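Enquirer: generate coordinates for the sequence data below:
(chains A and B, ligands or ions: 1)
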Amino acid sequence: MDNGLNNSRNDFEIFQQLINGEKLDYLDSAATAQRPVSVLKAVSDFYRHDNANVHRSINTLSSRATDSYEAARDKVAGFIHAVDSQSIVFTRSTTESLNLVARSFGDLVVTAGDEILVSEMEHHSNLIPWQQLAQRKQAKLVYIGLQADGELNMTDLKRKLTSRTKIVAIAQVSNVLGTINPIKEIARLAHEQGAYMVVDGAQAAPHFAVDVQDLDADFYAFSGHKMLAPAGIGVLYGKKALLDQMSPVQFGGEMIDHVDEQSATWAAAPLKFEAGTPNIGGAIGLAAAIDYLQALGMDKIEAYEQDLMAIVLKGLSQIDGLTIYGPLDAAKHASVLAFNLGKLHAHDVATALDLQGIEVRAGDHCAQPLMHYLGISAAVRASFYFYNTRDDVDRLISGLQRTKEFFSNAAR
Amino acid sequence: MQLDKLNLLYRQLILENAAHPQHYGHLANSSYHLMLPNPTCGDTINVEMVFQAEKVAEIAFTGQGCTISQASASMMTSVLLGQNLVDAKKLIASFSRLIMGEPISDQENQALGDAAVLASVAEFPTRIRCATLAWHAADNLLDQYLEKKHE
Ligand SMILES: Cc1ncc(COP(=O)(O)O)c(C=O)c1O
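Expert: Numbers count the residues shown, from 1 in each chain, chains lettered A, B, ... in the order given. Modelled structure (predicted):
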């Protein structure tokens, strides 16, 4: 455990440095993960040896680039168990994926008086696109409440999910509470009411095996940069039949079928959603990231992170005055842990940890409605990945103890 | 242990001002007020001012935030209270340079009073915004007043 899962820490050059004179204790993977050398190499190999534009020129290099880009699409399809590679749309990020669904699919199916169901724990990325859709269409944005332990209130969900509901949009894992939401059950309930299920998988896909068919998700969005790939590549999975009905939201090269002076027709999905030159290197990096993750094993990653979480939860619960947000059971709590230390402001705690080489995030975590719901303005968040070690976790616990002592002595 | 460096940031005066802020609250009839958010943490600071005879006759702040932002707002209210408009603008400019780690004269340093201890924030780049938030709000209010006067 002390060199990460399978000694994986060695694969990340970034961990060789000191931060403020201390070994780097990177606990901010929920914001963005680190990149292993294999991913960096795949990207640089592409640019050094195979770089060309895709789906354009009839030349050897271009066909090689196109093959790699499309192979990345196949790899992503396999990673989330999609039936068909053509249901994988490459985007810039989770944010762009969700905006695409809300614009294209949302505008198609939502009409005045309809309801869109989200939860109180959504990231702004899975909130504002729906809020905007509701405003455009005079639809209603309805919030599912939470239980005291930070789990979704399923009774509330069942009450609010009605025949008026057109879209249910929920994160599989909360980026603040770490709560793992029962997407499969929610999708079943949504479908019973004739609603569509949109899943924000940004904090889920990096950490455990995802099977979009088993979940029966209509759409599933995630970002490459939270799962070892370069920033600027994201994925939108959509059921093929739905993608086929949807209109593009961006227009230009690559996405057309036939163009006249006054009108045009579109390529089939997914290309109709990928206007312009895509992030080819990013897609290739994402494929390399998936190779890396699959070599480790998603199940092993999940189990390893659960062990770390159990240690952290136990350690932090022994610190007097520390409030943990989200489930206290490690099995129900994925990879991210938000907390506050007594009355200390999250920023002060983060600075004190930073001076000890411990990199956490402090703030509202792009989830202001959740902060209001919890009655706080900010929280500290530590987030873990398979390359974190027992030592990383122990340092967080002792670092917090030291922080607490510092401020309680200083207060006198 | 790097926590020694924490003493540099969290000096006694700063902790005291954060725990017991001066001029915290609302003014009965403030003609100028502005709320500024710190986008990186979601904190907000609301500054209120009353101008009389070309001076900052009354000043107060509210808001929740970290130790640095609260202490800085508190110290600022004491520094700016009673100053004429020109001096108030100058003080804000000196503070702004101080916090960016730029040199300021002894005279400027003295004029800033307690707020001068915030100089150490310059060594913590991620926290500069916390320290400057209230000052930005005050600067903005002074500009608003000056603009209105010129209309
Ligand atoms: C749950 C969740 N949804 C959406 C996002 C947005 O991801 P991105 O910034 O990569 O678009 C994030 C990450 O910040 C997240 O944690």
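
Enquirer: skipping its backbone neighbours, what lies nearest A:Asn388 in space?
Expert: Excluding its sequence neighbours, the residue lying closest to A:Asn388 (C-beta to C-beta, 6 or more residues apart in numbering or on different chains) is A:Leu308, at 6.1 Å. For every residue, glycine as well, the C-beta is placed using N, CA and C.

Enquirer: show me what contacts the one you found?
Expert: For A:Leu308, the contact set (C-beta atoms under 8 Å, 6 or more residues apart in numbering or on different chains) comprises A:Met1, A:Phe384, A:Asn388, A:Arg390, A:Val393.

Enquirer: surely B:Glu54 and B:Asp87 touch.
Expert: No: using C-beta atoms under 8 Å, B:Glu54 and B:Asp87 do not qualify as a contacting pair, with a distance of 10.4 Å.

Enquirer: burial count for residue 24?
Expert: Using chain A here. Residues within reach of A:Leu24, counting by other C-beta atoms under 10 Å in any protein chain shown, total 18.

Enquirer: wrong one, chain B
Expert: The local packing of B:Tyr24 (other C-beta under 10 Å) involves 14 other residues.

Enquirer: wait, it touches B:Ser74, no?
Expert: Yes: taking contact to mean C-beta under 8 Å, the distance of 7.0 Å between B:Tyr24 and B:Ser74 places them in contact.

Enquirer: overlap in contacts, those two.
Expert: Between them, B:Tyr24 and B:Ser74 share these contacting residues under C-beta under 8 Å, 6+ apart: B:Phe61.

Enquirer: just to revisit the earlier point, state the helix or strand in which the residue nearest to A:Asn388 lies.
Expert: Using DSSP states H and E, the element containing A:Leu308 is helix A:298-317.

Enquirer: okay, helices next: where are they in chain B?
Expert: Listed from the start of the chain, chain B has helices (DSSP state H) covering B:4-9, B:12-19, B:67-80, B:85-99, B:106-111, B:128-150.

Enquirer: I meant to write the stretch 101-250 of chain A there.
Expert: With helices called from DSSP state H, counting those that start in this stretch, the stretch 101-250 of chain A shows them at A:106-109, A:128-137, A:154-160, A:183-192, A:212-215, A:240-245.

Enquirer: any weak-confidence spans in chain A?
Expert: Residues of chain A meeting the criterion pLDDT under 70: A:410-412.

Enquirer: picking up where we left off before, can you add distance to A:Gln318 and mean neighbour count and give the helices of the stretch 101-250 of chain A back as JSON lines?
Expert: Formatted as JSON lines, the helices of the stretch 101-250 of chain A follow (distance: least, C-beta to C-beta, whole Å; neighbours: other C-beta atoms under 10 Å in any protein chain shown):
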{"stretch": "helix A:106-109", "distance to A:Gln318": "46", "mean neighbour count": "18"}
{"stretch": "helix A:128-137", "distance to A:Gln318": "38", "mean neighbour count": "18"}
{"stretch": "helix A:154-160", "distance to A:Gln318": "31", "mean neighbour count": "15"}
{"stretch": "helix A:183-192", "distance to A:Gln318": "33", "mean neighbour count": "18"}
{"stretch": "helix A:212-215", "distance to A:Gln318": "36", "mean neighbour count": "18"}
{"stretch": "helix A:240-245", "distance to A:Gln318": "49", "mean neighbour count": "16"}
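
Enquirer: show the end-to-end separation of stretch A:78-98, please.
Expert: For stretch A:78-98, the separation between the terminal residues is 21 Å (C-alpha to C-alpha, to the nearest Å).

Enquirer: again but with stretch A:244-251, I slipped
Expert: Distances were taken as C-alpha to C-alpha; on that basis the terminal residues of stretch A:244-251 are 16 Å apart.

Enquirer: one more: stretch A:370-387?
Expert: From start residue to end residue, stretch A:370-387 stretches across 29 Å - C-alpha to C-alpha.
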